[in-house]
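pasted the sequence and its predicted model underneath.
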Amino acid sequence: MLHPIPLRPLLAKIDQDRLRTLQAELGSPPPDAPASWRHYSKYLELEKYLRLNIRRVQDLNLHLASPKEILDIGCGAGFFLFVAQDQGHPGLGFDTGAIPVFDALVDLLGVERITYRIEAFEPLPDFGRKFDLITAFSTAFHGGKDNSWRWGAKEWEFLVADLERHLKPGGQIFFGLNPAYGGEYYTPEILEVFRRRGASVERENVSFPAKPL
């Protein structure tokens, strides 16, 4: 409230003609397109999702912090990194790719992204650099509410340990989870993994302590 990030300067950095073209081309997928494409077309409402990610950036106090190198897991359309970059934080996103709306918006917003799919018990690739902050918002690599499979405690333990390899000294990890486990964000066993590794947990928000210097 004291130091809000204004929306209008962010919108001014976006090519509105290109945006309107994308909205016309991708806003109504053809009948034979995968059903998920219709779901993802909602992200063409840029103002709505920029506002959401302004809140995320502010909740992490990035609007008040010195530059941090960010890795955003499941970056989607790149909104979070776009807002963070505006506040002086360089970043890299990764996601599965092959979703036309996300591919187009990442390019429109000028966000650096690589294509990669997280799999259980497989280490992440070498990104060529380490990060001050690793984030993951509303991801589905661990299984969503409609999936018959979902990650358990061992898969989460492996991922968190692996992510720590990619942190700079003093770096942190933050998850903003989707409900996936019978309407909950995690099972008691997964929550125990988070807490055992020192995380503070409040509903969907899981914040791990800084990596020791």
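Nice, I can see it.

now do the helices in this protein.
7-12, 16-26, 35-40, 46-59, 79-86, 100-109, 153-164, 188-196 (DSSP state H).

of these, flag the one that's most buried.
Counting by mean count of other CB atoms under 10 Å, helix 79-86 has the highest mean neighbour count of these, with a mean of 24. (Glycine included, C-beta is placed from N, CA and C.)

can you list the residues that contact that one?
5, 9-10, 13, 43, 46, 49-50, 52-54, 56-57, 62, 70, 72, 75, 91-93, 105, 109-112, 135, 137 (CB atoms under 8 Å, 6 or more residues apart in numbering).

rank the helices of the chain by pLDDT, which is bottom?
Among these, helix 35-40 carries the lowest mean pLDDT, a mean of 78.

and that helix, how far out from the chain's middle?
18 Å (CA atoms, centre = their mean, to the nearest Å).

JSON lines for the helices of the chain, including distance to Phe174?
Formatted as JSON lines, these follow (distance: least, CB to CB, whole Å):
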{"stretch": "helix 7-12", "distance to Phe174": "21"}
{"stretch": "helix 16-26", "distance to Phe174": "29"}
{"stretch": "helix 35-40", "distance to Phe174": "23"}
{"stretch": "helix 46-59", "distance to Phe174": "9"}
{"stretch": "helix 79-86", "distance to Phe174": "11"}
{"stretch": "helix 100-109", "distance to Phe174": "21"}
{"stretch": "helix 153-164", "distance to Phe174": "11"}
{"stretch": "helix 188-196", "distance to Phe174": "12"}
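
hang on, Arg150 packs against Gly143?
Yes - assessed by CB atoms under 8 Å, Arg150 is found in contact with Gly143 at 3.4 Å.

find residues that contact each of these two.
Ala180.

residue contacts, Leu44?
Leu19, Leu22, Gln23, Leu26, Gly27, Val101, Leu105.
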